[in-house]
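Chemist: Give me a 3D structure for the following:
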Amino acid sequence: MNYIARLILEALIEQGHDDAYIEEKRIELSGHTGKFCSLLSLNCFDADTTRKVADKVGVPVDDLKTTLHTIREF
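Modeler: Numbers count the residues shown, from 1 in each chain. I've put the predicted structure just below:
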């Protein structure tokens with residue numbers, strides 16, 4: 001599992017999602033071929049998850065949202 005996928009999974013765990021959901025997302029995120037794929041998938045998660053990931057990497061959430069918006073265009 002790549003670095004970004006691990007950050008997303010950690011954020012989901014911290015949010016207190018149930019074990020079945022966490023396992024489903026772990027399997028999904030483990031299938032990502034690279035960081036770009038994981039960043040792209042972050043568009044599918046809620047704002048709280050995005051905020052937690054931004055906090056984990058030390059960037060403002062608005063900067064991460066701008067990056068995600070740009071990635072969606074590719």
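Chemist: Helices along the protein, start to end?
Modeler: Taking DSSP state H as the criterion, the chain carries its helices at 3-14, 19-30, 35-41, 47-57, 61-72.
Chemist: can you state the direction angle for the fourth one and helix 61-72?
Modeler: Pointing back at helix 47-57 there. Calculated by axes from the mean of the first three to the mean of the last three C-alpha atoms, to 10 degrees, helix 47-57 forms an angle of 110 degrees with helix 61-72.
Chemist: okay, the helices of the chain, which one's buried deepest?
Modeler: helix 3-14 (a mean of 18; mean count of other C-beta atoms under 10 Å). For every residue, glycine as well, the C-beta is placed using N, CA and C.
Chemist: Let me see the residues that make contact with that helix.
Modeler: 1, 21-22, 25-26, 29-30, 32, 35, 38-39, 41-42, 45, 49, 52-53, 56-57 (C-beta atoms under 8 Å, 6 or more residues apart in numbering).
Chemist: In CSV, could you pull the C-alpha coordinates for it?
Modeler: Taking Å, rounded to 0.1, in the frame of the first residue of the first chain, the C-alpha atoms of helix 3-14 are listed here in CSV:
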residue,chain,number,x,y,z
TYR,A,3,2.0,6.3,1.4
ILE,A,4,-1.2,8.2,0.4
ALA,A,5,-3.4,5.1,0.6
ARG,A,6,-2.0,4.5,4.1
LEU,A,7,-2.8,8.1,5.1
ILE,A,8,-6.4,7.7,3.8
LEU,A,9,-6.9,4.4,5.7
GLU,A,10,-5.5,6.0,8.9
ALA,A,11,-7.9,8.9,8.6
LEU,A,12,-10.8,6.5,8.1
ILE,A,13,-9.8,4.5,11.2
GLU,A,14,-9.5,7.7,13.3
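Chemist: can you list the helices of the chain in CSV and add mean pLDDT?
Modeler: Converted to CSV, these look like this (pLDDT from 0 to 100):
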stretch, mean pLDDT
helix 3-14, 97
helix 19-30, 96
helix 35-41, 92
helix 47-57, 96
helix 61-72, 92
